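Peer 1: need a 3D model of the sequence below.
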Amino acid sequence: MEFLFLIITSAGANTLLMPASARGMLTYYSRSIGDEAIFYNPAIFTAQDDYHVTLFYTKVYASMRNLNLGLSKRFKDFDLGLNIMNFDYGEIEARPEYPTEDSTGFYTGSDFSIGICGARNISTNGRIGIKAKYIYENLYIYSGGTLGIDLSIAYINEKSGLTAGGSNLGGQIKIGNEPINLPAKLSLGYYHSIKEFCISFDLHYLINTNTFESSVGGEVKWGNNLETGISINYRDHFYPGFYLGISNGKISIKYGSAIYPYDLGMVNTLGIGFIF
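Peer 2: Residues are numbered from 1 along each chain as shown. As a prediction, the model looks like this:
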């Protein structure tokens, strides 16, 4: 499968580039809100005085699935958050290239990461955020772990926001005694709101593969409890994304989907959030 080939050959823990939440199907770098921003962009991550927890389950190709947990709370001038991610590859069929391509059975693999995120205002409209995380990859008979950093800054006013930073910066994972870089990237995001409508744009440069990814999205708020969004994304080729969010103040339910590249087909994410 092209996706598994990409994971193994281009960088370690490449699943860090997969959607971790419902808004991950849209312009996630510029427009993630609350706990969801822990996964993507620490500078635009904001917490509340109460504890806020969100849980997202993503169904990918075949038996692949992604489970993500976010927890946040504000402490004085600091927004602090914790996120845990586990991407399960499911059962993978082993087919050696030489001397035969006959199946030799199945094996499993997974990527795990845990990160601590902190953000704060540095001016009336400026914010800065950083996330330190530990990433561990287990594939076939190989495994390894390393530390990574996400760092970003943002300028946000009542109608628009501009943000930039780097993600997955740091060490290397040793897979079979071979050091493999994390899927590091540099990102730029911008959004502008006009009443209940918001248009946004993300641009990403993947350092290891010297390639670009981008997204253009539009969102509409329908009152205080409902919001929807669509996007056109580019990762090797163009594909659409969809988002739906429902909230009553204390509980929120979010859904996202996209027809993803790398022969993954329809990727679906469902999440629920609580404030307590």
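Peer 1: low-scoring stretches of this protein, by residue?
Peer 2: Applying pLDDT under 70 to the chain flags the ranges 1-12, 92-107, 141.
Peer 1: can you rerun that using 50?
Peer 2: Under the criterion of pLDDT under 50, the regions of the chain flagged as low confidence span 1-9.
Peer 1: can you give me the helices in it?
Peer 2: Secondary structure of the chain, counting by DSSP state H: helices at 2-10, 28-31, 36-40.
Peer 1: against Phe87, how distant is the residue nearest to Ser143 when sequence neighbours are not counted?
Peer 2: With sequence-adjacent residues excluded and distances taken as C-beta to C-beta, 6 or more residues apart in numbering, Ser143 is closest to Glu137, at 6.5 Å. Glycine gets a C-beta too; all of them are placed from N, C-alpha and C. Using C-beta to C-beta, to the nearest Å, Glu137 is found at 9 Å from Phe87.
Peer 1: who has more neighbours out of these two?
Peer 2: Applying other C-beta atoms under 10 Å to Glu137 and Phe87 shows that Glu137 carries more neighbours, namely 27 against 24.
Peer 1: who's in contact with the nearest residue to Asp49 once chain neighbours are set aside?
Peer 2: Of all residues beyond its chain neighbours, the one nearest Asp49 is Arg74 (5.4 Å), with distances taken as C-beta to C-beta, 6+ apart. Residues in contact with Arg74 (C-beta atoms under 8 Å, 6 or more residues apart in numbering) are 47-49, 80.
Peer 1: which among these count as buried?
Peer 2: For those, a burial check counting by 16 or more other C-beta atoms under 10 Å picks out 47, 80.
Peer 1: surely Glu196 touches Val220?
Peer 2: Yes - with contacts defined as C-beta atoms under 8 Å, Glu196 counts as touching Val220 at a distance of 5.9 Å.
Peer 1: any idea how far Glu178 is from Ser113?
Peer 2: 20 Å.
Peer 1: who has more neighbours out of these two?
Peer 2: Taking other C-beta under 10 Å, Glu178 and Ser113 do not tie; Ser113 has more neighbours (23 against 11).
Peer 1: can I assume that one is in contact with Ala13?
Peer 2: Yes - between Ser113 and Ala13 a contact is recorded at 7.1 Å, counting by C-beta under 8 Å.
Peer 1: give me the common contacts of these two.
Peer 2: What both Ser113 and Ala13 touch, as defined by C-beta under 8 Å, 6+ apart, is the set Ile135.
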